[in-house]
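Engineer: fold the following and give me the result.
(chains A and B)
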Protein chains: 2
Amino acid sequence: MATDSDASMATTGLRRGPRRTKGDATRETVLRAAVDLASRNGLAGLTIGDLAKAAGMSKGGIQGCFGSKLRLQRATAESAGNVMEREIYAPTLAVAPGLKRLMALCENFMSCSARTDFSAGRFFDKAAAEAGSKPGTLRDLIRNLYGAIGHRVADCAREAQTLGELDASADPQQLAFELTALMGEAARHFRLDDDATHFIRARFAIVRSLRPLLTAKSPTLPDIRPPKRRERVAAAILR
Amino acid sequence: MATDSDASMATTGLRRGPRRTKGDATRETVLRAAVDLASRNGLAGLTIGDLAKAAGMSKGGIQGCFGSKLRLQRATAESAGNVMEREIYAPTLAVAPGLKRLMALCENFMSCSARTDFSAGRFFDKAAAEAGSKPGTLRDLIRNLYGAIGHRVADCAREAQTLGELDASADPQQLAFELTALMGEAARHFRLDDDATHFIRARFAIVRSLRPLLTAKSPTLPDIRPPKRRERVAAAILR
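Structural biologist: Alright, predicted model coming up:
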């Protein structure tokens, strides 16, 4: 699994052992503050001055850590990607591979998105909206990181297919597109109106998409009903 | 149908006849530039100085037109909403109501989203990412405008149901959530990689969602196949 220190490796190109130095810890603290700031002000709005204030460091200290603004932006995006891996994907490794892991991945994505302190999710929405249609290395990076959750969904679907828990006719890439579309839309609506009903809508649609693809070997999927009109649900339902 | 001059009415509270004054035309030009700027820099990044430059006016002229930055932001969001109505919804009124109109609405949304000059679509993605989790009147406005396309989809679905072209068991609100999720996700991916394949994925999933809800009265839906792995499609396919 990727960690925050992998992010610094990717940026500096240095290979490090598992021992964390004081510099790694500082870098991690700064990057956590950077993801948080960028999730509110965007990557373009991430200034070294604001970040120094948020992380309680000098501007020179931040500059020494990252050099240019572009390197800071890249490291921030990679760090947000690592949070997604750690919080959404890594816990699914404790679940049996196949359809159960696929469902766990979706549930983790949605329960993280329903947390007001989960800035990594907001970060990618904002970064994708920012980077869109502006070709460049930052857009390429955001595209890969934004697409990562879809790749994880596709991997889980392929695994389920290999295990015979998902019909051979299922198209993992198409499924990944649909499932991430539903979860992402729920998260966006939720951020605009604090109503977790959208997640129930996504859950319902996900289960309904999977049902015709089940086999005799598939585990039982939960029986979800779509929310009633005007029903409102608290985010706690997802935890 | 709402027009740009409705937007100025909504903001100034004045009732105007259909005759356009020189002031209306100026306001429209400024708002067009404002939607374009905000689709790139966000609503928070929309400054009176940048807008004056983009519209070829003085800062005083812009200030005289809108007063505060908040009023300019609101007018800009309303103007983007009007563009969505005019370009995506209005043309569907020429199509027979029911399932055909519902499909036309989806096709219009996707073909507009595939146009690089369609800044209103990018505007809402950016504004939703900006406004999310920041309670306030601007968030309320963005929420309503971001949700407008979903309401149009639900209206079309309800109409199709009344006409007997969609099964009575269909849930128009759930359908609207799913269809806008698919179209929005395709647009976001397209902006990050210029590959229109995502729209084909959305189209395929939309038709597949509708198919079990068809009745004897339903018009025939197109037969869409999901794209092959690694297939790339030019945006022109949607026009």
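
Engineer: those helices in chain A, which residues are they?
Structural biologist: Secondary structure of chain A (DSSP state H): helices located at A:4-12, A:22-41, A:48-55, A:59-66, A:69-84, A:99-113, A:119-131, A:137-162, A:172-193, A:197-210.

Engineer: and for the fourth one, what are the contacting residues?
Structural biologist: Which is helix A:59-66. Identification of contacts with helix A:59-66 by C-beta atoms under 8 Å, 6 or more residues apart in numbering or on different chains yields A:Thr11, A:Thr26, A:Arg27, A:Val30, A:Ile48, A:Gly49, A:Leu51, A:Ala52, A:Ala55, A:Leu72, A:Ala75. (Glycine included, C-beta is placed from N, CA and C.)

Engineer: report the two of those separated the most.
Structural biologist: The largest separation in the contacts of helix A:59-66, counting by C-beta to C-beta, is between A:Thr11 and A:Gly49 at 20.8 Å.

Engineer: domain map for chain A?
Structural biologist: A:1-76, A:95-239 (automatic domain parsing).

Engineer: contacting residues for A:His54?
Structural biologist: I think there's a mix-up here, since residue A:54 is Ala and not His. A:Ala33, A:Ala34, A:Asp36, A:Leu37.

Engineer: show the pLDDT at A:Lys69.
Structural biologist: Looking at A:Lys69, its pLDDT is 88.

Engineer: from what I see, it and A:Asp50 are in contact.
Structural biologist: No - counting by C-beta atoms under 8 Å, A:Lys69 stays clear of A:Asp50, with 11.7 Å between them.

Engineer: which one of these two has more residues nearby?
Structural biologist: A:Asp50 (17 against 14; other C-beta atoms under 10 Å in any protein chain shown).

Engineer: and that one, how far is that from B:Pro212?
Structural biologist: Distance of A:Asp50 to B:Pro212, computed by C-beta to C-beta, to the nearest Å: 51 Å.

Engineer: before we move on, the earlier item: using TSV, please lay out the helices of chain A together with distance to B:Asp171.
Structural biologist: Putting these into TSV (distance: least, C-beta to C-beta, whole Å) gives the following:
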stretch	distance to B:Asp171
helix A:4-12	43
helix A:22-41	33
helix A:48-55	44
helix A:59-66	49
helix A:69-84	31
helix A:99-113	20
helix A:119-131	26
helix A:137-162	24
helix A:172-193	15
helix A:197-210	9
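
Engineer: for chain A, what are the low-confidence residue spans?
Structural biologist: For chain A, applying pLDDT under 70 flags the ranges A:1-20, A:133, A:229-231, A:236-239.

Engineer: for the domains of chain A, which one ends up most surrounded?
Structural biologist: Mean neighbour count (mean count of other C-beta atoms under 10 Å in any protein chain shown) peaks for domain A:95-239 among those, with a mean of 19.

Engineer: now that domain, how far from the centre of its chain.
Structural biologist: 10 Å (C-alpha atoms, centre = their mean, to the nearest Å).

Engineer: again, but for stretch A:54-67
Structural biologist: That offset, for stretch A:54-67, works out to 26 Å (C-alpha atoms, centre = their mean).

Engineer: what's the residue lying closest to A:Arg203 once chain neighbours are set aside in contact with, if anything?
Structural biologist: Using C-beta to C-beta, 6 or more residues apart in numbering or on different chains and skipping the chain neighbours, the partner closest in space to A:Arg203 is A:Ile224 (5.1 Å). With contact taken as C-beta under 8 Å, 6+ apart, A:Ile224 is in contact with A:Ile200, A:Arg203, A:Phe204, A:Val207.

Engineer: separation between the residue lying farthest from the centre of chain A and B:Leu221?
Structural biologist: In chain A, the greatest distance from the average C-alpha position (C-alpha atoms, centre = their mean) is reached by A:Ala216, at 31.9 Å. As judged by C-beta to C-beta, A:Ala216 and B:Leu221 stand 31 Å apart.

Engineer: also A:Lys69?
Structural biologist: Here the criterion is C-beta to C-beta. By it, A:Lys69 lies 49 Å from B:Leu221.

Engineer: who touches stretch A:145-158?
Structural biologist: A:77-78, A:80-81, A:84-85, A:88-89, A:92, A:97-98, A:101-102, A:105-106, A:109, A:124, A:127-128, A:166, A:170, A:172-173, A:175-177, A:179-180, B:188-189, B:192.

Engineer: I'd say A:Cys221 and A:Arg208 touch.
Structural biologist: Residue A:221: Leu, not Cys. No - taking contacts as C-beta under 8 Å, A:Leu221 lies outside contact range of A:Arg208: 9.5 Å.

Engineer: how about the contacts made by the spatially most central residue of chain A?
Structural biologist: Nearest residue to the geometric centre of chain A (C-alpha atoms, centre = their mean): A:Met84, 3.8 Å. A:Met84 makes contact with A:Ala120, A:Gly121, A:Phe124, A:Leu145, A:Ala148, A:Ile149, according to C-beta under 8 Å, 6+ apart.

Engineer: how about a cut-off of 6 Å?
Structural biologist: Contacts for A:Met84 were tallied using C-beta atoms under 6 Å, 6 or more residues apart in numbering or on different chains; they are A:Ala120.
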